[in-house]
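Q: what's the 3D shape of this:
(one chain, ligands or ions: 1)
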Amino acid sequence: MIRALLTIDDIPSDNTCAIVDYLNEAGIQAIMFAEGEKAEKNPEPVVYAVQHGMIVGNHSYSHPHFSELSLSEGIREIDRCETALNQIYEMAGMERTCRPFRFPYGDKGKKNRDAFQSCLRERGFSKVNDTTIPYTWWRENGLDRDIDTLWTFDFTEYRIRPGSGYTMEDVWKRIRNPNPENGAALYMPESRHILLLHAHDETDELVPGYYRLLLDDLLNHGVQFVKPDFV
Ligand SMILES: [Zn+2]
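A: Here you go, the predicted model:
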């Protein structure tokens, strides 16, 4: 049995509500990571996600590379998104019981990496329960100790863009690749995953309902989606 936690980055988008509806039809609860600035301007899809069973986490305010920020600039990015998400949960009439965080691009801040981890810990961010993730590279890179939520498998569907030459065929190849250059093979028996997908309208324009195509494939392969769980 392959078990996976689904995470979806970069909400809100025009397709956020449709994704939430699909997830509910499929019985999948995901963590959706929101950008604070976009959520302030367009709160409705984020409120919809919260009210329809998804956990919304902090994906910074303006989606910068944290390695290009000073420590104080990075902390401001985290805190401003928190303020926006607190407002979203208040608008939704829902209590905020967990606070996962994901760095944009998985960029943990290089020279400030330890300081950002301390900041996340002090602020009470929630660490996803990754104790069942079996990969040695996960532990060797200290990911089992980090508070932020990284991933073990990236669909790379966001690379499908006009002129990029990257197509859905490349995404399917990646899904079926038993030896990917980074991350872990998706369909390895007994594997455990944190999956990374994005809520991007640009992808939907080129591959309508891409999230349904991809996640249906996982369901057809018997992947069991686990509910977000924190330690
Ligand atoms: Zn992102």
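Q: sec struct for residue 105, please.
A: Per DSSP: H, G, I helix; E, B strand; the rest coil, the secondary structure class of residue 105 is helix.
Q: residue contacts, it?
A: For residue 105, the set of contacting residues under the criterion of C-beta atoms under 8 Å, 6 or more residues apart in numbering consists of residue 65. Just so you know, the C-beta spots here come from the backbone N, C-alpha and C atoms, and that holds for glycine as well.
Q: how far away is it from residue 112?
A: Using C-beta to C-beta, to the nearest Å, one obtains 15 Å as the distance from residue 105 to residue 112.
Q: one more: residue 182?
A: Residue 182 sits 23 Å away from residue 112, going by C-beta to C-beta.
Q: tell me which of those two has more neighbours.
A: residue 112 (20 against 8; other C-beta atoms under 10 Å).
Q: what sits closest to that one if chain neighbours are left out?
A: The spatially closest residue to residue 112, leaving aside those adjacent along the chain, is residue 71, at 4.9 Å (C-beta to C-beta, 6 or more residues apart in numbering).
Q: the closest residue to residue 42 other than its chain neighbours: how many residues sit nearby?
A: For residue 42, ignoring the flanking residues on the chain, the nearest one in space by C-beta to C-beta, 6+ apart is residue 12 at 4.8 Å. A count of neighbours around residue 12, defined by other C-beta under 10 Å, yields 25.
Q: picking that back up, residue 110 is in contact with the residue nearest to residue 112, correct?
A: No: counting by C-beta atoms under 8 Å, residue 110 is not a contact partner of residue 71; they are 11.4 Å apart.
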